[in-house]
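K.L.:
sequence and predicted structure below; questions after.
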Amino acid sequence: MKTKHFIVYSLLFWSLTSCVSRLERHALSGVIVDINKQPIENCAVAETRTDSTGHFFLPELRYNQFLLTEFLIHEAPPVMYTEPILRNGFKNKTIEFFHEYGGGKKKEPIECWTPFV
């Protein structure tokens, strides 16, 4: 009987201390262009830079949340991020995103087309 209780309590402990993967930022890809729609090379977009054709890619960021905390909250937290776009000689811009219900599963990359003046 003690073994049965031990197994039940162990399973309960491990399930409540397990982690749930939560979305911090979608995968982002896009092209940075000037007002004449010419690509801008070597433009800083968050932690990456654009290539010679103005393209960039930011990988999806996730974090782990304890399952017990998720039971208490009862819903996915909101997803909100602001990624800076910087280049000398140009006005600074940002990629902004907010979704009130968050995201728990993997999504496809979000395409961005940003005129950069």
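P.N.:
Noted; the coordinates are in hand.

K.L.:
can you list the low-confidence ranges for the protein?
P.N.:
Scanning the chain for pLDDT under 70 picks out the ranges 1, 5-6, 8-20, 65-76, 101-117.

K.L.:
same thing but at 50, please
P.N.:
For the chain, the stretches with pLDDT under 50 are 105-106, 114, 117.

K.L.:
in it, which spans are strands?
P.N.:
Ranges of strands in the chain, per DSSP state E, are 19-25, 28-33, 44-45, 48-49, 55-58, 61-66, 79-86, 93-99, 110-115.

K.L.:
and the closest residue to Tyr81 other than its chain neighbours, what does it touch?
P.N.:
Leaving aside its chain neighbours, Tyr81 sits nearest to Arg25 (4.7 Å; criterion: CB to CB, 6 or more residues apart in numbering). All C-beta spots, glycine's among them, are computed from the backbone N, C-alpha and C. Listed by CB atoms under 8 Å, 6 or more residues apart in numbering, the contact partners of Arg25 are 58, 60-61, 79, 81, 83, 97.
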